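Colleague: prediction below, plus the sequence it came from.
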Amino acid sequence: MESKGLQPMDSEQLRENAHKMVDFIADYYKSIENFPVLSQVEPGYLRELLPDSAPNQPETLQNVLDDVQAKILPGVTHWQSPSYFAYYPSNSSVAGFLGEMLSAGINMVGFSWITSPAATELEMIVLDWLGKLLKLPEDFLSTAGQGGGVIQGTASEAVLVVLLAARDRVLRKLGKNALEKLVVYASDQTHSALQKACQIGGIHPENCKLLKTDSSTNYALSPDLLSKAISDDISTGLVPFFLCATVGTTSSTAVDPLLSLGKMAKNNGIWFHVDAAYAGSACICPEYRCYIDGVEEADSFNMNAHKWFLTNFDCSALWVKDRNALIQSLSTNPEFLKNKASQANMVVDYKDWQIPLGRRFRSLKLWMVLRLYGLENLQCYIRNHINLAKYFEGLVAADSRFEVVTPRIFSLVCFRLLPPNNNEDHGNNLNHDLLDAVNSTGKIFISHTVLSGKYILRFAVGAPLTEERHVTAAWKVLQDEASALLGSL
Ligand code: PLP
């Protein structure tokens, strides 16, 4: 007996349903300003709304989309809203979306060159393109020597893989017993991803040294402090092996002085990694390229194209000068993956540059972004956000109840409401309350940090739809809520 059964990839069904889905998504973007930016639901809200088990019989796409509208979207925080100013942005764009769609459509798994030669080769080419836009030194490019770029899922994976490569490089020389002596350096402003990498990499917790920063260096790592830490550690028999500098720290966009840090790393045989997860995008503009001056001293460099470069999540670009260091740490060669091209060492197999085996065709979306927008538009995009942040900074500076806390460098403004009568005992609670109040309105979403013990508000411009009017409106929300709070004191 013939049964038609399930046809999970019928071209005509795909055409019809995907058109409906694109319409749904386009309508979402059209109406995105109507949603509260920060989801206002309570924990566990969704369990109340959905059945306990999956359906036995198929439902229609329309049923599902109705549920998305009524039950899912209320529990979404709208990172693409033009009034999203929290953390750092996570850009979506038409080009990035189309690339994701194509990648989902082709749905190959490109762990070895042979599993889809185009995926590996496009990734190498596109990262060379981006590396050139950033004016990275030649030896980071795949066309020169042992260097090259690779797309990781996140900056956390990027720092993890290079830390493992650096660890194993030194352990090959000193023997495995040296692990407990290995020391990592970074500033106390470095993203917690480094600490996680140290945990995974078996670095002794006391040997992950986060050197103190303060306002005197605008929260950048001091080379003097690093120099002292290195010589103290060497004198007690420890082995410095990894330094992570940040260009655009998460709290306040501090920029560590790459050149002097890098030279110190080189003189001491330390692997030097530069994390420019957010601010790296700005360095495609000649006027911001200076912030990565000194990158020539680095062993590895990372920027997240999925943050501020119009490339839908996830797409974290990592470049290394010595691909063999990665490969020696991360490669495996089981029988079932052996093939002529790999065995003959003729190709790059990206499985050996990352933690998982499987990998998506992520270069497609970055390629789309670079081709459909072009460098000049991308530069304008970045400059526009930085100008909007400048505009916001001016608004804050003009209101004597507030202060701008750190000099703005890129598109993040760190500011706070000054406590009345300079009573700092109330400053932190006041700003905490202001953050809660503005985010509860649903009109905007901002986030916070703590610098030198002070609770600071962060206003990060970078969502693709943000215009001057949204910044003006956001400032009004902040002023209104501040007036209400101050009035109630
Ligand atoms: N490094 C910096 C400077 C960041 O700002 C962030 C996230 O905001 C990260 C690393 C971690 O990024 P990811 O989520 O890609 O791991």
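Modeller: On my side now, so go ahead. Small disclaimer: the values here were computed from a predicted structure and weren't measured.
Colleague: okay, CA-based contacts and neighbour counts for the rest of this
Modeller: OK.
Colleague: quick one, strands of the stretch 251-400 of the chain?
Modeller: In the stretch 251-400 of the chain, the strands defined using DSSP state E, counting those that start in this stretch lie at 271-275, 300-304, 316-320.
Colleague: using CSV, lay out the ones you listed together with distance to the ligand.
Modeller: Below are the strands of the stretch 251-400 of the chain laid out as CSV (distance: least, CA to the nearest ligand atom, whole Å):
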stretch, distance to the ligand
strand 271-275, 6
strand 300-304, 6
strand 316-320, 6
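Colleague: so can I have JSON lines of these showing mean pLDDT, mean neighbour count and distance to Leu122?
Modeller: Below are those laid out as JSON lines (pLDDT from 0 to 100; neighbours: other CA atoms under 10 Å; distance: least, CA to CA, whole Å):
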{"stretch": "strand 271-275", "mean pLDDT": "98", "mean neighbour count": "27", "distance to Leu122": "24"}
{"stretch": "strand 300-304", "mean pLDDT": "98", "mean neighbour count": "28", "distance to Leu122": "18"}
{"stretch": "strand 316-320", "mean pLDDT": "98", "mean neighbour count": "27", "distance to Leu122": "13"}
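Colleague: quick one, which of those gets closest to Ala389.
Modeller: Ala389 lies closest to strand 300-304 among those, at 20.0 Å (CA to CA).
Colleague: against which helices or strands is the closest one packed?
Modeller: If contacts are counted by 3 or more CA pairs under 8 Å, 6 or more residues apart in numbering; DSSP states H and E, strand 300-304 sits against helix 155-174, strand 271-275, strand 316-320.
Colleague: distance to Ala398 added to these, as a markdown table?
Modeller: Output for these, formatted as a markdown table (distance: least, CA to CA, whole Å):
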| stretch | distance to Ala398 |
| --- | --- |
| helix 155-174 | 36 |
| strand 271-275 | 34 |
| strand 316-320 | 38 |
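Colleague: next up, the contacts around Ile446.
Modeller: Ile446 makes contact with Tyr84, Phe85, Ala86, Tyr87, Leu435, Asn439, Leu457, Arg458, Phe459, Ala460 under the criterion CA atoms under 8 Å, 6 or more residues apart in numbering.
Colleague: how about the helices of the stretch 51-200 of the chain, start to end?
Modeller: Assigned by DSSP state H, counting those that start in this stretch, the stretch 51-200 of the chain shows helices spanning 61-67, 94-106, 117-133, 155-174, 193-200.
Colleague: what's the most buried one of these?
Modeller: Stretch with highest mean neighbour count among those: helix 155-174 (a mean of 21; mean count of other CA atoms under 10 Å).
Colleague: export that one as PDB, just CAs?
Modeller: The C-alpha atoms that make up helix 155-174 are tabulated as PDB, following Å, rounded to 0.1, in the frame of the first residue of the first chain:
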ATOM      1  CA  ALA A 155      34.500  35.900  21.100                       C
ATOM      2  CA  SER A 156      34.400  33.400  24.000                       C
ATOM      3  CA  GLU A 157      35.300  30.500  21.700                       C
ATOM      4  CA  ALA A 158      37.900  32.700  20.000                       C
ATOM      5  CA  VAL A 159      39.800  33.400  23.200                       C
ATOM      6  CA  LEU A 160      39.400  29.800  24.300                       C
ATOM      7  CA  VAL A 161      40.900  28.300  21.200                       C
ATOM      8  CA  VAL A 162      43.900  30.600  21.200                       C
ATOM      9  CA  LEU A 163      44.500  30.100  24.900                       C
ATOM     10  CA  LEU A 164      44.600  26.400  24.300                       C
ATOM     11  CA  ALA A 165      47.000  26.800  21.400                       C
ATOM     12  CA  ALA A 166      49.200  29.000  23.500                       C
ATOM     13  CA  ARG A 167      49.100  26.700  26.500                       C
ATOM     14  CA  ASP A 168      50.000  23.600  24.400                       C
ATOM     15  CA  ARG A 169      52.800  25.500  22.600                       C
ATOM     16  CA  VAL A 170      54.500  26.200  26.000                       C
ATOM     17  CA  LEU A 171      53.700  22.800  27.400                       C
ATOM     18  CA  ARG A 172      55.300  21.100  24.400                       C
ATOM     19  CA  LYS A 173      58.500  22.800  25.500                       C
ATOM     20  CA  LEU A 174      58.300  22.500  29.300                       C
END
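Colleague: give me the contacts around that helix.
Modeller: Contacts of helix 155-174 with the rest of the structure, by CA under 8 Å, 6+ apart, involve 152, 178-179, 182, 193-194, 196-198, 200-201, 241-242, 271, 273, 275, 277, 300, 302-304, 316, 318, 325-330, 353-355.
Colleague: is there any residue in it that contacts the ligand?
Modeller: Yes: counting by CA under 6 Å from any ligand atom, the ligand has neighbours in helix 155-174: Ala155, Ser156.
Colleague: got the angle for that helix vs strand 271-275?
Modeller: Helix 155-174 and strand 271-275 meet at an angle of 180 degrees, taking axes from the mean of the first three to the mean of the last three CA atoms, to 10 degrees as the criterion.
Colleague: what's the angle from helix 155-174 to helix 193-200?
Modeller: For helix 155-174 against helix 193-200, the angle by the same axes, to 10 degrees is 50 degrees.
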